[in-house]
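**Student:** sequence first, then the predicted structure:
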Amino acid sequence: MNTPARGSLLGIEHLQQDEALRLLKLARRMNPQKPRSLLRNRKIILLFYEPSTRTRSSFEIAAKSLGAITTLVQSSGSSIEKGESLLDTGYTLRAVGADAIVIRHPSAGAPHLMAKYLDIPVINAGDGMHEHPSQALLDAFTILKHKKSLKGLQVAIIGDIVHSRVARSACHLLTRFGAKITLCGPPEFVPEVATTLASGLRISRHLEEAVRGADVVMLLRVQKERLAGQKISLQDYIAHYQMNAARLKLAKRDAIVMHPGPIIRGLELTSEVADSPQSVIVDEVRSGVPVRMAILARALGRAK
Ligand code: ASP
């Protein structure tokens, strides 16, 4: 049992601020249109125990843009279905020559466990309701394309925060850089204890109050797969918390609308908002590639 291999990215909570900055700067120098051979012939395994579209495809394109070889292993269709443990899967992938593993898993801490036992970098691509560090970095990267600095920005994060690894990682990263975050949603989604996630978080139960004067409006999906039998009324949710054009007008005129995806039109936001000029949702997806190129280059010691 070891400390995680150098270059692992397990979460934002314990990532030093200067490390985060270095990654953001490196991402600015990465261009998927101009492939480089920084990671030529390095083998990166994408190990996905949960569905993914954006994270998986962008890690794969990022790796290939740097010349790496990728292999996708998913829980369905692999020996995981036959009952192989997480660590045995890790040892197997190491034995076939993996130089790094990008892992998404429904249990919080799964990447950390793998990183303790493997001697190669492990990158967390989302662990249960815990963290999604690459998403937080690409969100910061996207915000910085539109705003001069994160310091003092008013950010409203609206929706299913308690089940959201995206919200957790975003809170750690954005508050560290001086953003002021208001979490907004009903108590089932935003319990009072949510303020302990990071320093200086506020809670508002009223969408209008949370959005008024915001520079960044981040919407989250209702994570039905994590509700564990909990009944919530989607009708009530839509009535009180759906982002529509009228509500968005309360934010600053140059406010941007973010969402990690997948978006559910007609639930957490209307199509008008999703497709409005203020929406940077597609831009976030685009940012995912250079940011993940930077993460992989750092993981394999090529962060030059
Ligand atoms: N794609 C994000 C995640 O994997 C958000 C979501 O699924 O709603 O956490």
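**Tutor:** Received the coordinates, thanks.
**Student:** Gly261: neighbour count?
**Tutor:** 17 (other Cβ atoms under 10 Å). All C-beta atoms are positioned from the backbone trio N, CA, C, and that covers glycine.
**Student:** now do the same contact list for it.
**Tutor:** Neighbour list for Gly261: Thr53, Arg54, Arg221, Ile281, Glu284, Val285 [criterion: Cβ atoms under 8 Å, 6 or more residues apart in numbering].
**Student:** go on, Ser52?
**Tutor:** Arg104, Ala125, Gly126.
**Student:** one more: Pro260?
**Tutor:** Arg54, His132, Gln135, Asp139, Val166, Leu220, Arg221, Glu284.
**Student:** which one of the contacts of Gly261 sits closest to Ser75?
**Tutor:** Nearest to Ser75, judged by Cβ to Cβ, of the contacts of Gly261 is Thr53 at 16.0 Å.
**Student:** what number of residues lie near whichever residue of the chain sits closest to the ligand?
**Tutor:** Residue nearest to the ligand within the chain (Cβ to the nearest ligand atom): Arg221, separated by 3.7 Å. Neighbour count for Arg221, taken as other Cβ under 10 Å: 20.
**Student:** and it, how far is that from Arg302?
**Tutor:** Per Cβ to Cβ, to the nearest Å, Arg221 is found 34 Å from Arg302.
**Student:** chain center to stretch 155-163, what's the gap?
**Tutor:** 13 Å (Cα atoms, centre = their mean, to the nearest Å).
**Student:** same question for stretch 101-119.
**Tutor:** That offset, for stretch 101-119, works out to 16 Å (Cα atoms, centre = their mean).
**Student:** now swap in stretch 252-261 and tell me
**Tutor:** The answer for stretch 252-261 is 16 Å, by Cα atoms, centre = their mean.
**Student:** quote the end-to-end distance of that stretch.
**Tutor:** Chord length of stretch 252-261, first to last residue, is 23 Å (Cα to Cα, to the nearest Å).
**Student:** buried residues in it?
**Tutor:** Lys252, Ala255, Ile256, Val257, Met258, His259, Pro260, Gly261 (16 or more other Cβ atoms under 10 Å).
**Student:** so which of those are also by the ligand?
**Tutor:** Filtering those for neighbours of the ligand using Cβ under 6 Å from any ligand atom leaves Pro260, Gly261.
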